[in-house]
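Q: what would the 3D arrangement of this be:
(one chain, ligands or ions: 1)
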Amino acid sequence: MTAKPNEAETEKTSVNRREFLNLAWLASLGFLTINLGGVTYLFSMPRFKEGEFGGVFTVGRVSDLPPAGSPPVNYPKVKLWLSNTEEGLVGLYKVCTHLGCLYNWSDQENKFLCPCHGSEFQANGTYIRGPAPRSLDRFVIQAVDQDSGEVLAQAPLGTPMPLPGNPNAVIQIDTGQRIMGERHA
Ligand code: FES
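A: Numbering: from 1, shown residues only. You can find the predicted model right below:
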C-alpha cells in the first residue's frame, strides 16, 4: 500500500515545480534576449567593407583621373571599369549583360568587346551590337568634397557624371548599387 503524501510535502513539491518553471522561463527569456541582441548587432554592421566589391570604392581625386576620352581604367578587385567620357564619368560593372562573361577594352577598336559571343559596347557602356540584350550596367557614382563631405556631383541613375570644378573632390563608386543598362530594340 502506497503512503499518501502529507500536506507539507505536497506544498513543497508544488513550490519546487513553480520555482523550476520560473527559472526555465527566465532562462528562455535571457537566451532570447542574447540572440536578439546578436542578430541586431549583425544587421547593424555594414555588409561590405569600404573598398571591396559590394561597398563604396574610392577611386581618388578628380585631378588624378585620366583626361576625358582616355581609355577606360580597369579595377578588377571591385569589378569596375571607370570610363571618363566626354559626357562625364561612368562606373561600369565589368560583367557582360549577355551571359556574364568579363568583357575587355580594345584600344585598337576603341570599344569594349566581349570575348564570349562578340557583344560590343561604347566606352560609356552603350550597346553597339551582338547578343547582349542591353547596355552595360553602371554603378551609382558621386564626387565628394574631401574636407566637408559635401556631395558636389552625383549620378544616382548611372548617367555620365560631369566632373565638379574642385580638383580635390573625391570620386566614390558604390559597387553595391548597380543600375541596369538600357534595353535596346
Ligand atoms: S557573354 Fe558577352 S556576348 Fe555573350
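Q: tell me who's in contact with residue 72.
A: Taking C-beta atoms under 8 Å, 6 or more residues apart in numbering as the contact definition, residue 72 lies against 81-84, 92, 105, 112, 123. The C-beta positions use only the backbone N, C-alpha and C, and glycine is treated the same way.
Q: look up how far the ligand lies from it.
A: Using C-beta to the nearest ligand atom, to the nearest Å, we find residue 72 at a distance of 17 Å from the ligand.
Q: by contact count, what packs against the longest strand anywhere in the chain?
A: Determined from DSSP state E, the single longest strand within the chain is strand 170-179. Applying 3 or more C-beta pairs under 8 Å, 6 or more residues apart in numbering; DSSP states H and E, one finds that strand 170-179 contacts strand 56-61, strand 80-85, strand 88-93, strand 138-144.
Q: nearest to residue 32, of those?
A: strand 56-61 (34.9 Å; C-beta to C-beta).
Q: element containing residue 74?
A: Taking DSSP states H and E as the criterion, residue 74 maps to strand 73-75.
Q: give the other helices and strands that that strand contacts.
A: Counting contacts by 3+ C-beta pairs under 8 Å, 6+ apart, strand 73-75 is packed against strand 80-85.
Q: who are the packing partners of the strand it packs on?
A: strand 73-75, strand 88-93, strand 170-179.
Q: now tabulate those strands in JSON lines and tack on mean neighbour count and mean pLDDT.
A: Below are the helices and strands packed on strand 80-85 laid out as JSON lines (neighbours: other C-beta atoms under 10 Å; pLDDT from 0 to 100):
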{"stretch": "strand 73-75", "mean neighbour count": "15", "mean pLDDT": "97"}
{"stretch": "strand 88-93", "mean neighbour count": "24", "mean pLDDT": "97"}
{"stretch": "strand 170-179", "mean neighbour count": "19", "mean pLDDT": "95"}
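Q: columns distance to residue 159 on top of those, output as a markdown table?
A: Putting the helices and strands packed on strand 80-85 into a markdown table (distance: least, C-beta to C-beta, whole Å) gives the following:
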| stretch | distance to residue 159 |
| --- | --- |
| strand 73-75 | 19 |
| strand 88-93 | 7 |
| strand 170-179 | 9 |
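Q: quick check: which of those is nearest to residue 25?
A: Nearest of those (C-beta to C-beta): strand 170-179, 42.2 Å.
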